[in-house]
Every structure is written in structure tokens, then in C-alpha cells.
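Q: need coordinates for the following:
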Amino acid sequence: MTVTACGMICARAGGRRWWTKRGRRPVTEEFVRVYVPATVPMLTRLGDEGLAADEAHAVTPALREWYAEGDEEELEYVAFTRAAQDALHLLRADPAAPRRRVVVSVDLPAGAVGRGDGELGSSIVTLAAAVPVGAIAAIHVDGADAVEDVTAAADVVAEADAGDPDAQFAVDGAEDHELEWYDVTELDLLLRAVG
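A: Residues are numbered from 1 along each chain as shown. Sure, this is the predicted structure:
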């Protein structure tokens, strides 16, 4: 498995097994690396409910076509970055959440991942159900040094999407921070540190 400078695991899930909530039941099919935007409160519910999300990001055919010169790692980074941007929208919708972007890298069976909007360059995918803990490959969270910039970005992310250059400057400030990488076994430690 390759870990990039940005702390992402960019390897494919090839021979991994999918586990159901009732226990370990291997299913032989292709897996897809998916990046799910989240918040710290969403992480606190992982053990009981899984990670609930309707949409996420992945390397899609539309993204490959748009960024034809990009290698696999670059395409994965684009999908990851877009998930981090969507985490800003989640923070804006939840003012009580700690001001840290969260992206959860998961490996899902291809059948559990639907095509998104299909626009050229889109990395959006839909998720059939909540993501179980067993599918999580890594958790990425902003460090304490990013909180001020992430707070400012979350406050104006909708305006940035609408084309406001000042708001986009604030969002770019948050994107200058790399998210820290955590193994799923470190979840309790992470929640204590950021809660």
C-alpha cells in the first residue's frame, strides 16, 4: 500500500473482503475507494450507526475523461480534495460541530456505489447505505492549526460556490492545510483529541 505525501492511502482495495453488520461474510467483487465528507459528530456515531451519507467522491469515468493526463494517484487526490470541500458545507450546516474538516476513506463493493450527476469532471457518487466501520480504510481530520482557517471557510463556502472571490480566498486558506491521517483503530483517541 502506498501512502502519499498528503497522507492518503492511494492503493486500490483489490482483494479485500466486505463484512456485513451480522458478521464476517466475504463477498467476492470489485471494490471502489470512496472519500466520504463528514464532521466530528458524525464520527462519534460510527460504532452504532455506521457513517451515514448520501453522496461521496471517487474516481469516476467522468473524472477520468476530464483529467485524462492524470495518473491514478492524482485522480484520487482530486476526489479526496472535493470531499474535503464538501466537509465545509457540512460544517456550515452544523455550527456546533468542531471546526475541522473530516474525510473518511472507505473501500466499498462496486454494487454499493452509484453514479452521481454524470457531468464531465464530476467525482460525485451515491451510496446505497450507511458505511460500516469494517469498510473504513482511514480517517482524515484537520489539525488544530487549521481551525481558524476552516472556521472562516465554513462560514462563506456557499458564497464561494456562487463565485464570490473574497469567499473563495477564505476557502483556499482552509485548503492550504493538509488533513492528518488516522487509522480507524485510533478513532477513540482522535475523538478525545478533537472533541
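
Q: which residues sit against the helix or strand hosting residue 170?
A: Residue 170 is located in helix 165-175, with elements delineated by DSSP states H and E. Helix 165-175 is contacted by residues 81, 84-85, 88, 101, 142, 146, 149-150, 152-157, 159-160 when judged by C-beta atoms under 8 Å, 6 or more residues apart in numbering. Just so you know, the C-beta spots here come from the backbone N, C-alpha and C atoms, and that holds for glycine as well.

Q: among the residues you listed, which ones are buried?
A: Buried members of those, counted by 16 or more other C-beta atoms under 10 Å: 81, 84-85, 88, 101, 142, 146, 149-150, 152-157, 160.

Q: strands of this structure, start to end?
A: In the chain, the strands defined using DSSP state E lie at 31-38, 55-58, 102-109, 113-115, 124-127, 136-141, 180-182.

Q: give me the mean pLDDT for the fourth one.
A: Averaged over strand 113-115, pLDDT sits at 89.

Q: still on that earlier bit, rank the strands of the chain by mean pLDDT and give me the bottom one.
A: Here the strands of the chain differ in mean pLDDT, and the lowest is strand 113-115 at a mean of 89.

Q: remind me what it packs against, helices and strands.
A: strand 124-127 (3 or more C-beta pairs under 8 Å, 6 or more residues apart in numbering; DSSP states H and E).

Q: direction included, what does the strand it packs on pair against?
A: Looking at strand 124-127 with DSSP bridges, its partner strands are strand 55-58 (antiparallel), strand 113-115 (antiparallel).
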